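Visitor: build the 3D model from these lines:
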Amino acid sequence: MPMNICQTEITTISEQKMPQNRNSHKAKIFAVISSQFCRLRHWLLGFLLLAFAFAQFNVPIAYADDAAKQSEHNYTMDQGVKAYRQGDFEQALNVFLQLAGTGNTVAQFNLGVMYENGEGVERSDAKAFAWYQKAADQGDDDAQVNIAVLYANGRGVEQSYVKAYAWYQKAADQGHDVAQNNLGVLYESGQGVELSYAQAVNWYQKSADQGYAIAQNNLGVLYDNGQGVEQSYAKAYAWYQKSAAQDYTNAQFNLGIMYENGRGVEPSYAKAYAWYQKAANQDYADAQFNLGVLYDYGQGVEQSDTKAFEWYQKAADQGHDVAQNNLGVMYRSAQGVEQSNAKAFEWYQKAADQNYAIAQNNLAVLYENGQGVEQSYAKAANWYQKSADQGHADAQFSLGVMYDNGQGVEQSDAKAVEWHQKAADQGVAAAQNNLGVLYENGQGVEQSYAKSANWYQKAADQGYAISQNNLAVLYGHGQGVEQSDVEAVKWYQKAADQDYADAQHNLGVMYANGEGVEQSDATAVKWYQKAAAQGSADAQYNLGIAYTNGQVVEQSYAKAYEWYQKAADQDYAAAYNNLGIFYLNGQGVRQSNRKAFTLIEKSAELGFSEAQFNLGLFYINRIGVRKSKQKAIYWYKKSAAQGDVDAVESLKKLGVKFE
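Guide: Numbers count the residues shown, from 1 in each chain. The predicted structure follows:
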């Protein structure tokens, strides 16, 4: 997917030029039915027993069995697939269209995938459905599954579990393991068919016998609970074991539960730990939490507050509410972690009172951030001023930042320039960078890209990563310097090699777009991972996209959820939208229309047009909120004002003209 680099507001050392990430898929509703179940142990604070649906996405671009057969234009399926994998969607589309016209079912299926994903064409579930239909009518089982998915989720067609069931049945009768599993889900939930655990067992069994890990786990759950079959922990264990052997995290977790509680096996905290560890290493939050519990109580492992804290932290980072609570307890009681900003404040104060400039600067930092003392920008500015008046360069820089932002002092671009200049003249790279920002934006000085580039260059030559990144942006846009993607990549690389997250993300963008370097999605993902690990919201979001779609990395809704959550924690609007979609469809999380609404509403309020459109859908369709045509129109208009054509069409359907 092509990506764009553009500039955002720059103000301080910690708020740098940040190219935007790739555009997200316009995720309104996307899912495939499938099922898995897991249980949280009753431990510590009365955790609940959970069971939730798991979603497996649709089948990717496929090869035909008769791939060597050529069309009248000498196109082959190999050519189409090769073009698709290289990102040449236009050529892939041409090939598939030619082959589809001859009745080639795989080409028809692949066109459905492209329309569903908006690859080389405007995204359209309706057109995806139409192409899937052509292939499905000729007996293509993958297409039949995808048609069932669209019916189940009401995408491109009117929602109907009955029709979803019918299409799953067609594919299942051909032995399609996913379809067989999904039929089991429908029977187990009574969607589109009369609820029947016995039939659920029947279809899970067929799928499981083909080695489908999700079905093996689901069959284990029914044996575990005695639903549709005679209750048998032994058989539950056996099916969990088969699924877990394929690295299916839910089954690994369920085996941990069985060993911990001695259900069908000899009780063993050590073996429970081993299975939890396998799931936890795949970022399964419940397993990470349970490992924290085992370390907390020394069950199956040597007791360790530090390791308990680490595992609670991993789970909490994924939004595990109980782990987050337990982390709060550990911080409060200093278990596994030592923390005291108050002591730092006490000693800085003693030195600052003796007019020691460095301590004055450090004391100002604590006041600015409210660490160990009540937060006060005014007191921070006062201490920075005392230190700066003694010629302390870092304090001069920080005082420039305070004037730039109007924190603790009256905002003044001129004063910001004055203090940044003093620090820059002493060689402070951060101040040189900020002077570059001020010249670039014409704040307190006459706007000049050339002078901006000059100051960025000075700081960049000192190895200052932020300026190296900013200089790269100017090269990319040809502002103040001759445009050069190669030079842009060079400076991004220098900054990225210093682990500067924004540059790592930007370098990923350059690789993704093939600008100044040979195009490489794998390399792009590598840099996104480095940036995301440091908290880059853009990179976290892009990793969420990659895991959602299985781009380079193995497809995983759980990992996608994790990265979207990290980005959303930083108020990244698009991430809130995609998290909402996950809750709507129960992908990697327990399905919840209310949570979906809350998250998408947050995204919409942050100005994300696709979320604004989605919010209109929620109000008009009464999803997680009371139906309100008036509010639906309000949000459709918000989205339409940003150019969303779907919103304009929705307004037309409601009889509202938008200009």
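Visitor: and for G103, nearest residue in space, chain neighbours not counted?
Guide: Q138 (7.1 Å; CB to CB, 6 or more residues apart in numbering). The C-beta positions use only the backbone N, C-alpha and C, and glycine is treated the same way.
Visitor: which residues does that neighbour contact?
Guide: Counting by CB atoms under 8 Å, 6 or more residues apart in numbering, Q138 touches 103, 105, 108.
Visitor: looking at the residues you listed, spot the one nearest A208.
Guide: A208 has its nearest neighbour among those in T105, at 27.5 Å by CB to CB.
Visitor: what are the phi and psi angles of E158?
Guide: Note on E158: its backbone torsions stand at phi -70, psi 130 [degrees, to the nearest 10].
Visitor: and the gap between it and L150?
Guide: Separation of E158 from L150 (CB to CB, to the nearest Å) stands at 10 Å.
Visitor: list the buried ones in the one helix or strand A450 maps to?
Guide: Assigned by DSSP states H and E, A450 belongs to helix 449-461. Residues of helix 449-461 classed as buried by neighbour count (16 or more other CB atoms under 10 Å): 449, 451-460.
Visitor: of the residues you listed, which is the nearest to T306?
Guide: The closest of the buried residues of helix 449-461 to T306 turns out to be A459 (CB to CB; 39.0 Å).
Visitor: my guess is that closest one contacts I466, does it?
Guide: Yes: counting by CB atoms under 8 Å, A459 touches I466, with 7.5 Å between them.
Visitor: mutual contacts of these two, please.
Guide: By CB under 8 Å, 6+ apart, A459 and I466 have these common neighbours: 430, 433.
Visitor: about what we covered before: more crowded one of E158 and L150?
Guide: Of the pair E158 and L150, L150 is the one with more neighbours under other CB atoms under 10 Å, namely 28 against 7.
Visitor: could you look up the SS state of that one?
Guide: Three-state assignment for L150 (DSSP: H, G, I helix; E, B strand; the rest coil): helix.
Visitor: now tell me which helix or strand of this protein has the poorest mean pLDDT.
Guide: Lowest mean confidence among the helices and strands of the chain (mean pLDDT, DSSP states H and E): strand 33-36, at a mean of 24.
Visitor: what residue ranges in this structure score low on pLDDT?
Guide: For the chain, the stretches flagged by pLDDT under 70 are 1-74, 331-334, 337, 339-343, 345-351, 354, 372.
Visitor: how about the strands in it?
Guide: For the chain, the strands defined by DSSP state E occupy 33-36, 52-55.
Visitor: quick one: A344 and L366 touch, right?
Guide: Yes: A344 is within contact range of L366, at 6.7 Å (criterion: CB under 8 Å).
Visitor: more neighbours: the two, which one.
Guide: Just comparing A344 and L366: by other CB under 10 Å the higher neighbour count belongs to L366, 22 against 16.
Visitor: got the end-to-end distance for stretch 92-108?
Guide: For stretch 92-108, the first-to-last residue distance is 12 Å (CA to CA, to the nearest Å).
Visitor: which positions in that stretch come out as buried?
Guide: For stretch 92-108, a neighbour-count test (16+ other CB under 10 Å) marks 92-100, 104-108 as buried.
Visitor: and G643, how far from F613?
Guide: According to CB to CB, G643 stands 11 Å off from F613.
Visitor: again, but for K422
Guide: For K422 relative to F613 (CB to CB), the value is 50 Å.
Visitor: now do the contacts for D521.
Guide: By CB under 8 Å, 6+ apart, the contact list for D521 reads 87, 511-512, 551-552.
Visitor: and for stretch 416-424, what's in contact with it?
Guide: Applying CB under 8 Å, 6+ apart, the contact partners of stretch 416-424 are 388, 393-394, 396-397, 399-401, 403-404, 430-432, 434-435, 438, 443-445, 455, 458.
Visitor: give me the buried positions along that stretch.
Guide: So, applying 16+ other CB under 10 Å, buried residues of stretch 416-424: 416-417, 419-424.
Visitor: give me every residue that touches Q551.
Guide: Applying CB under 8 Å, 6+ apart to Q551 gives the contacts 521, 525, 545.
Visitor: just the ones of those residues in helices?
Guide: Taking DSSP state H as the definition of helices, these contribute 521, 525, 545.
Visitor: how much space separates the first one from V373?
Guide: Read that as D521. Counting by CB to CB - D521 and V373 are separated by 48 Å.
Visitor: ok, back up a step: make a markdown table from the contacts of Q138 and add distance to Y583 to it.
Guide: Listed next are those as a markdown table, based on distance: CB to CB, whole Å:
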| residue | distance to Y583 |
| --- | --- |
| G103 | 41 |
| T105 | 35 |
| Q108 | 33 |
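Visitor: which of these lies closest to Y273?
Guide: Of the contacts of Q138, the one sitting nearest to Y273 (CB to CB) turns out to be T105, at 48.7 Å.
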